[in-house]
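**Q** Just the structure for this:
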Amino acid sequence: MPQGALDRTPPPFFRQGPSAFSRLVVFASMAVCLMAADRRLALIRPVRAAVAVVLYPVEQLLLTPLLAWQQVQTYLGGIHAAQDAEAQARAALTLQAQQALLTKPLSDENARLRALLDLRARLSTPARAAEVLYDAADPFTRKMVIDQGALQGIELSSPVVNEAGVLGQVTRVYPATSEVTLLTDRNASIPVLNSRTQQRSIAVGDPVAGGMELRFLAANGDVQVGDVLSTSGVDGVYPVGYPVAKVTHVDRRADNTNFAKIQLELMTRPDGVRHLLVLVPLGKQLPPRPDEPVASAPALGRKASGRH
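**A** Model prediction:
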């Protein structure tokens, strides 16, 4: 085959068009022209609007997971905020109920005391709000565990009340929790005062009946069904005037003894309590007792005898 007949042109794969610089200049010029035309004549605005309309469903579809996550976060945040607000409102309501409980006993007691002698004002009882976590595991006792402990300043033997009356007493204190023995426990007892007769007595827990029993009261004692019993304060633990129970049954001939069998119903229902108040024991609020000069008297006697 003659050499002149050969096709020496490169195949299409190796063919090169305009140079890269030339293409850059052309496309840059086109871009500048399009920007100038869009700036002055707004030629590209309809195209941009059409593209935006076409891409809008795609954007919404891609944003759906993000919007759903934001709604979930907003919903959960609202639930937590509502729960916090409810807890604060319940604590404030419990504090207000505590003050309301003392209104009637305070007015009656102040009227009697002012008629007799001039005494100092009543002590204000510091309190800390708490929430019931669960009931104690022992089925033979009536106890519950609260979410306040030694780290929050809870002390042993602290009285526990709610808006209806006295619930019990703190019998065990842990760092972050405390155990409360309810008044219905068989080992619980509390000094009470009959609001009608002003007679003091002792109320003891009765877990079988779910209430309390008034013991060591004579069969001919002045007690009637419906009498309201409140704390007397003589034990140095419970403040004076908190409602405890009311008399529901009086049997003056029980077991042929000289004592009447008196059953009580608590003012509050321990089974339905969730929020409560832990008070500072009354003995912690009283001023310290002056030291009795027992040891100094013999010493003075010896010195005096030495002089003579």
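
**Q** now the helices for the chain?
**A** Along the chain, counting by DSSP state H, helices occupy 20-41, 45-101, 103-116, 282-285, 296-307.

**Q** Buried deepest among these, which one?
**A** Scoring the helices of the chain by mean neighbour count under mean count of other Cβ atoms under 10 Å gives helix 282-285 as the most buried, with a mean of 14. All C-beta atoms are positioned from the backbone trio N, CA, C, and that covers glycine.

**Q** Report how many residues lie close to residue 177.
**A** Counted by other Cβ atoms under 10 Å, the residues lying close to residue 177 total 19.

**Q** Repeat that for residue 200.
**A** Per other Cβ under 10 Å, the neighbour tally for residue 200 reads 13.

**Q** wouldn't residue 226 be in contact with residue 245 here?
**A** No. Residue 226 lies out of contact with residue 245 (Cβ atoms under 8 Å); the separation is 11.5 Å.

**Q** Neighbour count for the two, which is higher?
**A** Remark: of residue 226 and residue 245, residue 245 carries more neighbours, 25 against 8, as counted by other Cβ under 10 Å.

**Q** could you list every residue that touches the more buried one?
**A** Residues in contact with residue 245 (Cβ atoms under 8 Å, 6 or more residues apart in numbering) are 165, 183, 192, 203, 211, 212, 228, 229, 264, 265, 266, 267.

**Q** and with 7 Å instead?
**A** 203, 211, 212, 229, 264, 265, 266, 267 (Cβ atoms under 7 Å, 6 or more residues apart in numbering).

**Q** In a markdown table: those residues, plus pLDDT, neighbour count and distance to residue 70.
**A** Below are the contacts of residue 245 laid out as a markdown table (pLDDT from 0 to 100; neighbours: other Cβ atoms under 10 Å; distance: Cβ to Cβ, whole Å):
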| residue | pLDDT | neighbour count | distance to residue 70 |
| --- | --- | --- | --- |
| 203 | 95 | 24 | 58 |
| 211 | 91 | 19 | 54 |
| 212 | 94 | 27 | 55 |
| 229 | 96 | 30 | 57 |
| 264 | 95 | 24 | 57 |
| 265 | 95 | 14 | 53 |
| 266 | 95 | 24 | 50 |
| 267 | 92 | 22 | 49 |
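
**Q** Would you tell me which one of the residues you listed comes nearest to residue 87?
**A** Checking these against residue 87 by Cβ to Cβ gives residue 267 as the nearest, at 24.0 Å.

**Q** Quick check: closest non-adjacent residue to that closest one.
**A** Nearest residue to residue 267, sequence neighbours excluded (Cβ to Cβ, 6 or more residues apart in numbering): residue 165, at 3.4 Å.

**Q** Residue 268 is in contact with the one you found, correct?
**A** Yes. Contact criterion Cβ atoms under 7 Å: residue 165 and residue 268 qualify, at 4.7 Å.

**Q** Ignoring the adjacent residues along the chain, who's closest to residue 105?
**A** Nearest residue to residue 105, sequence neighbours excluded (Cβ to Cβ, 6+ apart): residue 241, at 3.5 Å.

**Q** Quickly note the distance from the one you found to residue 276.
**A** With the distance defined as Cβ to Cβ, to the nearest Å, residue 241 ends up 18 Å from residue 276.

**Q** neighbour count winner among the two?
**A** More crowded of residue 241 and residue 276, by other Cβ under 10 Å: residue 276, with 27 against 20.

**Q** if I look at that one, how far off is residue 234?
**A** Per Cβ to Cβ, residue 276 is found 23 Å from residue 234.

**Q** And residue 215, by the same measure?
**A** Note on residue 215: its distance to residue 234, by Cβ to Cβ, is 16 Å.

**Q** same question, residue 90
**A** Where residue 234 is concerned, residue 90 sits at a distance of 32 Å (Cβ to Cβ).

**Q** just residue 174 next, same as before
**A** To residue 234, residue 174 is 30 Å away according to Cβ to Cβ.

**Q** isn't residue 166 right up against residue 241?
**A** No. In this structure, residue 166 is not within contact of residue 241 by Cβ under 7 Å, at 10.5 Å.

**Q** Need the residues touching each of the two.
**A** Common neighbours of residue 166 and residue 241 (Cβ under 7 Å, 6+ apart) are residue 231.

**Q** so where is the stretch 1-150 of the chain shaky, pLDDT-wise?
**A** 1-17, 42-44, 109-124 (pLDDT under 70).

**Q** Need the pLDDT of the closest residue to residue 93 other than its chain neighbours.
**A** Counting by Cβ to Cβ, 6+ apart, residue 163 is the residue found nearest to residue 93 once chain neighbours are left out, at 7.1 Å. pLDDT, residue 163: 85.
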